[in-house]
Each structure stands twice: as structure tokens, then as C-alpha cells.
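K.L.:
Here is my input, please return the structure:
(one chain, ligands or ions: 2)
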Amino acid sequence: MPLSNLIASLPIHPSKTHCIFRLMRILIHSGFFSQHNVTENQLEIEYVLTDASMLLLKNNPLSVTPFLLPSLDPILTLPWNQFSTWFQNGDSTLFETEHGMSVWDYIGRHPEVNHSFNDCMASDARLVSSLVIEKCQEVFNGLESLVDVGGGTGTLAKAIAKSFPQLECIVFDLPHVVDGLQGTQNLKYVAGDMFKEIPSADAIILKWVLHDWNDEECKSILQKCKEAIKRAGKRGKVIIIEMVIDNEKRGDEFVETQLFFDIHMMVLLNGKERSRKEWDKLISSVGFNDYKITPVLGLRSVIEIYPQ
Ligand SMILES: C[S@@+](CC[C@H](N)C(=O)[O-])C[C@H]1O[C@@H](n2cnc3c(N)ncnc32)[C@H](O)[C@@H]1O
Ligand SMILES: O=c1cc(-c2ccc(O)cc2)oc2c(O)c(O)ccc12
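P.N.:
Ligands and ions are numbered 1, 2, ... in the order given. All right, here's what the predicted structure looks like:
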């Protein structure tokens, strides 16, 4: 779209029209638009969407807007003002300093936030599911049963159950997340607490769960996963979908986004993004002796871990 059309189609005051060129200039610089033509006349500059901005379109089924918009909610932005207080008190997160309780208690007590959080996660899971199914088919070969632990409202498990109809899938999450949700022929919902007991299966999937917790909590979750796959009788595995911070192999902007997400986890959830070395230490500390990292999901990787 030429700048002249863009200005004409926006409901802005005439005194502000010159600001659109400057806004578009920084959006080009940050990769959300590119310039289609070369011209000396600003009003004739034509802008086109990039891969990044395509993901923000409302009518794109893989749109990430439902994930990004809640991030601007004051419930999530106000805790960022608490760094100074938080560094001097004993609270485990800045979220707790701001709201007086953990994210999980807050979500459990506010149904509208529970709803928006689950939508946010479902939006991310839609994008990741399409990539996992397209690029990681072999991860699911030979499996008969799978539990998506902390699987939210089941977006990822539903996509896997549909693509692999021989696979019996369970979405396991807290009662306020899964109660009342309807399963399908090869997918059911089970409510419970992953720190107590996880249903048995050949494989456990943990997408965006471990980065919510500290190392000790992750060890307890992985221990419960190990017991669950042992009870199923086969060798089994745990499939983790998370970031692997790898400064040596990745570009600066890529690592910067991962490091920023790490601070997001510090603000909200006493969790963290882990480097290759930290994953290695965590995985081996729970007696998983073999693992494979496949970095095919943009900022995230598929990490398959196997018990002894
Ligand atoms: C960040 S969300 C990830 C959701 C989903 N895996 C995804 O990536 O879209 C973490 C999930 O863990 C669940 N969770 C938190 N504590 C849990 C517990 N003790 N037992 C089971 N699930 C839990 C939350 O309810 C939430 O759905
Ligand atoms: O990006 C997020 C946001 C949240 C979140 C949203 C709404 C709330 O009231 C609290 C937290 O939680 C996240 C999360 O648990 C995660 O694993 C990744 C990203 C986010």
C-alpha cells in the first residue's frame, strides 16, 4: 500500500499525517514491513507485509495476536515496575510483589483471566502444533499412548490425536482448566496435579511447562514423568518443547529474544529459559541418560529425553 493510501485510510487528524512515515520507517527497520519501490517522493513509498507481520493478521489461522494482546494487559505489565522492591524483598516473583499471590493462584481465582490465559496458550499451541506435525512426524512413530502434561485446553494434543489416529491421547491439567471439556474418540481430558501423579503413557509431552518452574520443581515434575512412562511398561520418552539458549550457534537477535523471554519468566513465574548446559544438567540429574535436541520450531526446540 502506498503511504498516500495508508494515510487516507486511517482515521487520524491532518496535523498527525507526517508521523505515519516515521512510524512506518521504524516498522521497516524492525522487520514488520518492507519497502516495495524506490522513490524520492515519500507519499509514493509502497509498503508490503513481511513474514513477521503476516503472523499478526486477524484472518491468518496461525495469527499470534491472541497471544500477544494479553501481554499488554496491566495485570502483566504492572509487575515490571516492581524490580526495585522485589530485589529487596523475599517474594519469589515480581508478579507476587504486584498482586500479592502467584500467577497460578491469580488465574485460579479470576475466571476471566483463566479464560484469557488459556486462549493465549491455545494461540501459541496452534502455531507450534502445525510445525511439530509438519516437521517432527518421526517423534510420534511407534507410540500408542501420550499424555500432554500441563496441556491447557488441548490444542496441541487435539492436533496430534487427529494426525495420529492410532495414538491414545490424554490432556492433563489443573481442574479449573480442563473440567467440562469434551474429548474425542482418541483424546480425553484428565484433571490432576503433575506434582502428585501423572497418568501412565508411552510418552509424555511437556510444552512450555518446565520454563515456568525452578530446577527443583522441574526435577519433581520430571521424576513424576519417569514414573508414568515406567508404569506403561515400555522404554518410553518425555518430549519437551522449550527454548534452548545457544549463544554460540545462534545470531544476536535470536538470542536477545530468548533472553528477554527469560526475564518475562522471572517477572511472572520463578521459572527460566535454559541453556544447553542447563538442560543437560537438569535432564541427567533425574536419571534420563540420553537426549536429542531438534531445533526446528523457531525460538524453540523439541527435546526428546529417554530414561535409563
Ligand atoms: C504455560 S501453560 C502451557 C500450556 C500448554 N502446554 C501450551 O504450551 O499451550 C502451563 C500449563 O501448566 C498448567 N499447570 C500449572 N500447574 C500445574 C499442575 N500442578 N498440574 C498440572 N498442570 C499444571 C497450567 O494450568 C497451564 O495450562
Ligand atoms: O506470555 C505469557 C503470559 C503468561 C500469563 C498470562 C496471563 C496471566 O495472568 C499470567 C501469566 O504466562 C505465560 C506462561 O506461563 C508461559 O509458560 C509462557 C508465556 C506466558
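K.L.:
contacts, neighbours, all on C-alpha from now
P.N.:
OK.
K.L.:
Wait, Asp262 touches Lys272, no?
P.N.:
Yes - using Cα atoms under 8 Å, Asp262 is in contact with Lys272, at 5.2 Å.
K.L.:
Give me the number of neighbouring residues for the closest residue to Thr65 other than its chain neighbours.
P.N.:
Spatially, and ignoring its direct neighbours in sequence, Thr65 is nearest to Leu56 (5.4 Å; Cα to Cα, 6 or more residues apart in numbering). As a burial measure, Leu56 scores 17 neighbours (other Cα atoms under 10 Å).
K.L.:
and what of Leu174?
P.N.:
18.
K.L.:
And the one 4 residues further on, by the same measure?
P.N.:
Applying the criterion other Cα under 10 Å, we find 21 residues in the vicinity of Val178.
K.L.:
repeat for Ile263
P.N.:
Neighbour number of Ile263 under other Cα under 10 Å is 16.
K.L.:
Give me the nearest residue to it, chain neighbours excluded.
P.N.:
Leaving out its chain neighbours, the residue that sits closest to Ile263 by Cα to Cα, 6+ apart is Lys272, at 7.6 Å.
K.L.:
who's in contact with that neighbour?
P.N.:
Applying Cα atoms under 8 Å, 6 or more residues apart in numbering to Lys272 gives the contacts 211-214, 262-263, 265-266.
K.L.:
ok, now with 6 Å
P.N.:
When the contact criterion is Cα atoms under 6 Å, 6 or more residues apart in numbering, the partners of Lys272 are 211, 262, 265.
K.L.:
Now the second one: phi and psi?
P.N.:
Asp262 adopts backbone torsions of phi -60, psi -40, taken as degrees, to the nearest 10.
K.L.:
wait, it sits on Glu273?
P.N.:
Yes - if you go by Cα atoms under 6 Å, Asp262 and Glu273 touch, sitting 4.9 Å apart.
K.L.:
Quick one: mean pLDDT over stretch 70-84.
P.N.:
Mean pLDDT, stretch 70-84: 94.
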